[in-house]
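Enquirer: Quick check, what structure comes out for this input:
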Amino acid sequence: MLPGVAPVEGLRREELAMLAGVSVDYYTRLGQGRSKSASPEVLDAIAGALQLDDAERMHMHAIARQRPARPRSDKPQRLHPETRALLDVFEAPLRPAFVLGRRLDVLAHNRLAGLLIADFEGMPVSERNQARFVFLDPHARDLYADGGQVAADTAAMLRMDAGDHPDDPALGRLVGELAIHSPDF
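Expert: Okay, here's the model as predicted:
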């Protein structure tokens, strides 16, 4: 280490710009929101320089699209009868199935999912949530062959939901609860 130089974790802006093949000025303007938009190729180059996984890369692309957030809806989520009937189709070949809504709320499940995975009917409606189950139930990880991947996928789905609904207070409360109570989140 050079005397008088503080250690820096990760890449410096200049290094990242070089690895992504863009100028430092352009990368700085992107980071500060002063550039209109980056092409998908530039975003992929930055994602590669940052060594992002597929979910993180997709999230970065979603954020960079600068599309307006979807309007917040506090209306109760409804389950269409056709979707409910589809759950029953999965019952015959012995497959547990769920229907998830915003924030990964469990809107419905077939009988087998209730028996094998969790007794969602016995939970208050406010607690029927796949993310809450994956990160806060001590037995959840044992149910999946690759519990770590299920947790990573669940977190990625929440990130995408947060990108689509940044002003959703219930989503903010859920993320806060998971951050406080789950060391894996």
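Enquirer: Ignoring the adjacent residues along the chain, who's closest to H59?
Expert: Among residues not flanking H59 along the chain, R159 sits closest, at 5.0 Å (CB to CB, 6 or more residues apart in numbering). Where C-beta positions appear, they are placed from N, C-alpha and C, glycine not excepted.
Enquirer: gap between the one you found and G48?
Expert: Note on R159: its distance to G48, by CB to CB, to the nearest Å, is 19 Å.
Enquirer: Those two: which has the busier surroundings?
Expert: A count of neighbours by other CB atoms under 10 Å puts R159 above the other of R159 and G48, at 17 against 13.
Enquirer: what about A85, how many neighbours?
Expert: Neighbour count for A85, taken as other CB under 10 Å: 9.
Enquirer: Can you name the residues that contact Y144?
Expert: Residues near Y144 by CB atoms under 8 Å, 6 or more residues apart in numbering: V150.
Enquirer: quick check, the residue nearest to H59 in a helix?
Expert: Yes: according to DSSP: H, G, I helix; E, B strand; the rest coil, R159 belongs to a helix.
Enquirer: correct me, but it touches A55?
Expert: Yes: look at R159 against A55 with CB atoms under 8 Å: they come within range, at 7.4 Å.
Enquirer: Sticking with A108, tell me its helix or strand.
Expert: strand 106-109 (DSSP states H and E).
Enquirer: Just the CA coordinates for that strand, please, in CSV.
Expert: In CSV, the C-alpha atoms belonging to strand 106-109 read as follows (Å, rounded to 0.1, in the frame of the first residue of the first chain):
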residue,chain,number,x,y,z
VAL,A,106,-49.7,-15.9,-1.4
LEU,A,107,-53.1,-15.3,-2.9
ALA,A,108,-54.0,-19.0,-3.2
HIS,A,109,-52.5,-22.5,-3.1
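Enquirer: Name the strands paired with it and say parallel or antiparallel.
Expert: strand 98-100 (antiparallel) (DSSP bridges).
Enquirer: Flag every buried residue along the helix or strand bottoming out on mean pLDDT in the chain.
Expert: Least confident helix or strand of the chain, by mean pLDDT, DSSP states H and E, is helix 81-91 with a mean of 73. Residues 87, 90 are the ones in helix 81-91 that count as buried (16 or more other CB atoms under 10 Å).
Enquirer: tell me what that helix is packed against?
Expert: Contacts defined by 3 or more CB pairs under 8 Å, 6 or more residues apart in numbering; DSSP states H and E place helix 81-91 against strand 98-100, strand 106-109, helix 111-116.
Enquirer: My read is that A55 contacts A151, right?
Expert: No: the pair A55 and A151 does not pass the contact test of CB under 8 Å, sitting 11.8 Å apart.
Enquirer: Looking at the two, which one has more neighbours?
Expert: It is A151, of A55 and A151, that has more neighbours when counted by other CB under 10 Å, with 19 against 15.
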